[in-house]
Structure formats: C-alpha cells, structure tokens
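Peer 1: Everything below, folded, please.
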Amino acid sequence: MKFKNENDIMKYTEKISNKLNELLVKNYDAEKGYLNAAENVDSSTLKIFFKRRATERSEFAKEIRTEILRYGEDPKDSGSFKGTAHRNWMSLKSLFSSNDEEAILEEAIRGEEASLEEYNEILEDKTLPPSIDNMLIKQRDAIQAAINTEKVHEELVS
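Peer 2: Predicted coordinates:
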C-alpha cells in the first residue's frame, strides 16, 4: 500500500485501530456473556463449555489489544461499552432468571453469529496488513467452530 504523506499513514492506522476496537469491544462483550451464562446453568458440561468460550474471547481481546497498540493507537477498555446500545449478549440476562439452558444456548449462538458477521465484514477490507488478516481469520474460524459445537450442545439439551 502506498501513502502520499504522513497524514495518509495516520488515517490508515486510525482506520485499522477503529475496526479492531469494534472487535475488541465485541470480544469483551462475548466474554462477559459467556461468564454470565456459565454462572446461570446447572449442567457442568455447559458450565465448562461457557467458561472455555469466555477464556477464548479474553485471549482474542488480548491479541487485538496488542495489534492496536502496535499501530500506536489506544485500545478501548472493557468498561467503554457499558452505556452503549443493546447487544445480543445482553438479552441473555432475562433468560438467566428462567434458567432455561436451551434458551441460553440459543442466545449464545445468536451472539456468536453476530460476532461472525462483524469479523467477516472487517475481513472484506482488503487493506488490512497480513498479520492482522491472519489473526482475524484464525479468530473467526474459532468462533465458527464454537457455533458448530454450541449447535451440537443445543441438540443434546433439547
């Protein structure tokens, strides 16, 4: 990619970090959603599954934070989305009181499918550096694998 001046480089790095910050917040969101889900199901298998997903999303967030810092930009912190618009993961809260494991799993799948869409949208941008592209593909594929596993769990629960 060719840049005419330093201003173009700054715009490019800012554009990349803005996209990465969106994913960073989404991963914080998913991690919290999975931790809440783990606390609100009785099945030990589902508890372990949700905790693993939360850990995975925490790792994704760390990788994304590192890339944002590498570009000299500021990563958003995990509290930055508290007052933002309703997200798929937050609708899990109403399900927790009913302790409906199948419904919690369905909502987790919806949340992951929304994350998958965001990853795919960002990956459509052909200006990402290969290192970021590869990291995002690896994360997206892990999310897809989690969705597939969640669907299997959903069939077992129902």
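
Peer 1: Only the buried residues of the lengthiest helix in the chain, if you could.
Peer 2: Ranked by residue count, the top helix of the chain under DSSP state H comes out as helix 6-39. For helix 6-39, the neighbour count (16 or more other C-beta atoms under 10 Å) marks 16-17, 19-21, 23-38 as buried. C-beta here means a position set from N, CA and C on the backbone, and glycine is covered the same way.

Peer 1: swap in stretch 41-57?
Peer 2: 41, 46, 49-50, 53-54, 56-57.

Peer 1: Tell me how far that stretch lies from the chain's centre.
Peer 2: Mean-position distance between stretch 41-57 and its chain equals 15 Å (C-alpha atoms, centre = their mean, to the nearest Å).

Peer 1: Where does the prediction get shaky in the chain?
Peer 2: Across the chain, residues meeting the criterion (pLDDT under 70) sit at 1-3, 8, 78-99, 154, 156-158.

Peer 1: And the residue nearest the centre of it?
Peer 2: residue 27 (3.1 Å; C-alpha atoms, centre = their mean).

Peer 1: Quick check: chain neighbours aside, which residue is closest to that one?
Peer 2: In space, and not counting its chain neighbours, residue 27 is closest to residue 61: 4.2 Å by C-beta to C-beta, 6 or more residues apart in numbering.

Peer 1: doesn't residue 125 make contact with residue 19?
Peer 2: Yes. In terms of C-beta atoms under 8 Å, residue 19 counts as a neighbour of residue 125; the distance is 7.0 Å.

Peer 1: which stretches of this structure form strands?
Peer 2: All residues of the chain lie outside strands when identified by DSSP state E.

Peer 1: tally of neighbours for residue 147?
Peer 2: Number of residues near residue 147 (other C-beta atoms under 10 Å) recorded here: 18.

Peer 1: which residues touch it?
Peer 2: Residues near residue 147 by C-beta atoms under 8 Å, 6 or more residues apart in numbering: 109, 112-113, 116.

Peer 1: Which among these count as buried?
Peer 2: 109, 112, 116.

Peer 1: Of those residues, which belong to helices?
Peer 2: Per DSSP H, the buried ones among the contacts of residue 147 map to helices at 109, 112, 116.

Peer 1: Looking at those residues, spot the one nearest residue 152.
Peer 2: Nearest to residue 152, judged by C-beta to C-beta, of these is residue 109 at 10.8 Å.

Peer 1: If you drop the residues flanking it in sequence, what lies closest to the closest one?
Peer 2: Using C-beta to C-beta, 6+ apart, the nearest residue to residue 109 is residue 150, at 4.9 Å.
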